[in-house]
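# pasting the structure only:
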């Protein structure tokens, strides 16, 4: 609890992320180790809750728990409870999640993607959102929940805040920059022109990329993905705008 409170006060975790971490510890670690004096815990004992979770097949959670336990034991060293960190040797004690490479669009199909975007006859906001993603490389949550106050079009800058003000009734609307620190993105001339065109439609709205079907809500994260699926340019998954440069 002391470690969790310390990390939370550092301001790098959102409230939902902090709650998720504590819930994982509460479900998987505390029932097995919570009553043990920290100075008595050995590597093999710290490994046990990881092995229990590993057997369920949740390897990503297993790896996250290993990181949490390592951090907790590091805090114990730093506060004088123990002399060395027994969690450092947990590395390799359980299977690691298999890396999944995201599919990328071959570079030679980029002109086709640009042409299809220019010809797209669906949602005005949706088309602009996909073009904006191409121009900035922003994550879906970063641009979907963007507010006009984040942009300085005169300076061609977009500052993604660490966290955003939560909009009641809009799930995840408080999400900001993934790493929990503000990030400044210089905007290309085309991105500024795109935003000025969009400002005519949503300049007085809460979200820059407001849905034209659901007032007061951002576009769905499925909108760009479903369009790209229909064009045969991606699989059914969350939208990631990536272009492969293999061979260059």
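The structure has been received and is ready for your questions. For clarity, every value in this text was computed on a predicted model and none was experimentally measured. Numbers count the residues shown, from 1 in each chain.

# once you drop chain neighbours, what's closest to the residue positioned nearest the centre of the chain?
The centroid of the chain falls nearest to residue 178 when counting by Cα atoms, centre = their mean (4.8 Å). With sequence-adjacent residues excluded and distances taken as Cβ to Cβ, 6 or more residues apart in numbering, residue 178 is closest to residue 139, at 6.4 Å. (Glycine included, C-beta is placed from N, CA and C.)

# now swap in residue 88 and tell me
residue 70 (6.7 Å).

# let me know the helix or strand that that neighbour is in.
If you go by DSSP states H and E, residue 70 is part of helix 59-78.

# quick revisit: tally of neighbours for the residue nearest to residue 178?
By other Cβ atoms under 10 Å, 17 other residues sit near residue 139.

# what of the one 5 residues further on?
As a burial measure, the neighbour count of residue 144 was computed by other Cβ under 10 Å and equals 27.

# all helices of this protein, in order?
2-9, 15-28, 30-33, 43-54, 59-78, 110-119, 124-136, 140-144, 189-202, 222-230 (DSSP state H).

# show me the shaky parts of the protein.
Within the chain, the segments meeting pLDDT under 70 span 99-103, 179-180, 223-248.

# residue with max distance from the center of it?
Largest centroid distance in the chain under Cα atoms, centre = their mean is residue 40 at 36.6 Å.

# tell me the spacing between that one and residue 76.
Distance of residue 40 to residue 76, computed by Cβ to Cβ, to the nearest Å: 11 Å.

# over to residue 30?
When distance is defined by Cβ to Cβ, residue 30 is 15 Å away from residue 76.

# doesn't residue 26 make contact with residue 68?
No - in this structure residue 68 lies outside contact range of residue 26 using Cβ atoms under 8 Å: 11.3 Å.

# tell me which of the two has more neighbours.
The residue with more neighbours, out of residue 68 and residue 26, is residue 68; 20 against 11, by other Cβ under 10 Å.

# residue 172 against residue 142, yeah?
No - contact criterion Cβ under 8 Å: residue 172 and residue 142 do not qualify, at 11.5 Å.

# what sits closest to residue 8 if chain neighbours are left out?
residue 18 (4.8 Å).

# quick one: contacts for the one you found?
4, 7-8 (Cβ atoms under 8 Å, 6 or more residues apart in numbering).

# the same query, at a cut-off of 10 Å, please.
Residue 18 makes contact with 4-5, 7-8, 12, according to Cβ atoms under 10 Å, 6 or more residues apart in numbering.

# for residue 143, same thing?
Residues near residue 143 by Cβ under 10 Å, 6+ apart: 128-130, 132-133, 136-137, 158, 160, 207-209, 218-219, 224.

# make it 7 Å
Counting by Cβ atoms under 7 Å, 6 or more residues apart in numbering, residue 143 makes contact with 129, 132-133, 209.

# which two among those residues are spaced furthest apart?
Using Cβ to Cβ, the contacts of residue 143 span at most 10.0 Å, a distance reached by 133 and 209.

# please report how far residue 35 lies from residue 2.
16 Å.

# the two: which has the busier surroundings?
Taking other Cβ under 10 Å, residue 35 and residue 2 do not tie; residue 2 has more neighbours (11 against 7).

# number of nearby residues for the residue lying closest to that one once chain neighbours are set aside?
Ranked by Cβ to Cβ, 6+ apart and with sequence neighbours excluded, the top spatial neighbour of residue 2 is residue 75, at 6.8 Å. By other Cβ under 10 Å, the residues close to residue 75 number 17.

# what does residue 190 give?
Close neighbours of residue 190, defined as other Cβ under 10 Å, add up to 12.
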